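S.K.: After the sequence you'll find the predicted model.
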Amino acid sequence: MICRSRTNSPLGELTLIAEDDALSGIYFPRHRYGPAVVGPEAYGEAGVVEAEVVEAGILEVGIFEVAGRQLAEYFDGSRTEFDLPTHTHGDTFSEQVWAELRQIPYGNTTTYGTLAARLGDPSLAQAVGQAVGHNPLSIVVPCHRVVGWDGRLTGYAGGLDRKRFLLELEEPPELKSARLF
């Protein structure tokens, strides 16, 4: 069963999607690549269960409560890693890219080209970028930590302002104090 909930964040209201007992999506308002439609039961149609049903016991784990708490802790700076059951539906290549994203430490960045090289073919940087852009678990699978080859902010399905916010949130204190802007 697919369930949906919403939670507030410093980046606007986030839509959380869960399947059974695992988080399968986190989307910003006007997210470039929204949730995949899964038949007529997708978002707002018959079959989607709103968060209130969690209290009735349909999702025994209370994944929305756990995700909301962990996201709040991340935004207040007390959490640097997420410990949530997740489920994604990508093709083999996308799943490999998303696994690499999970390996980028908090407060660090990497490039699309570096990810492509780690996957065995530096020429796949553009394909890596497409997979990064379609990451369904924004923030939890930290696609915001990927930057252009020259360190510039490039593409983010939630918008570059949100990407900048997330990177600044994770910025080490010594770098924050040295920044002139």
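M.R.: That came through, no problem. These numbers were taken from a predicted model, which means no experiment stands behind them.
S.K.: Contact partners for Thr154?
M.R.: Neighbouring residues of Thr154 by C-beta atoms under 8 Å, 6 or more residues apart in numbering: Tyr112, Gly129, Val147, Gly148. Every C-beta, even on glycine, is put in place using the N, C-alpha and C of the backbone.
S.K.: List the contacts of the third one.
M.R.: Just to be clear, that refers to Val147. Counting by C-beta under 8 Å, 6+ apart, Val147 makes contact with Thr109, Thr110, Thr111, Leu153, Thr154.
S.K.: quick revisit: check the contacts of Thr154 for burial and list the buried ones.
M.R.: Listed as buried from those are Tyr112, Gly129, Val147; burial here means 16 or more other C-beta atoms under 10 Å.
S.K.: Going by distance to Ser24, which of the residues you listed wins?
M.R.: Gly129 (22.0 Å; C-beta to C-beta).
S.K.: Next up, phi/psi of the closest one, please.
M.R.: phi -60, psi -40 (degrees, to the nearest 10).
S.K.: List the buried residues of the lengthiest helix in the chain.
M.R.: When the chain is parsed with DSSP state H, its longest helix is helix 63-75. In terms of neighbour count (16+ other C-beta under 10 Å), helix 63-75 has its buried residues at Ile63, Phe64, Ala67, Gly68, Gln70, Leu71, Tyr74, Phe75.
S.K.: Same question for stretch 113-124.
M.R.: Gly113, Thr114, Leu115, Ala116, Leu119, Leu124.
S.K.: And the helices in the protein?
M.R.: 52-55, 63-75, 92-102, 112-118, 125-133, 160-170, 173-178.
S.K.: any chance of these in JSON lines, plus mean pLDDT and distance to Tyr33?
M.R.: What follows is these, written out as JSON lines (pLDDT from 0 to 100; distance: least, C-beta to C-beta, whole Å):
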{"stretch": "helix 52-55", "mean pLDDT": "41", "distance to Tyr33": "26"}
{"stretch": "helix 63-75", "mean pLDDT": "96", "distance to Tyr33": "20"}
{"stretch": "helix 92-102", "mean pLDDT": "97", "distance to Tyr33": "12"}
{"stretch": "helix 112-118", "mean pLDDT": "97", "distance to Tyr33": "16"}
{"stretch": "helix 125-133", "mean pLDDT": "95", "distance to Tyr33": "6"}
{"stretch": "helix 160-170", "mean pLDDT": "96", "distance to Tyr33": "14"}
{"stretch": "helix 173-178", "mean pLDDT": "70", "distance to Tyr33": "30"}
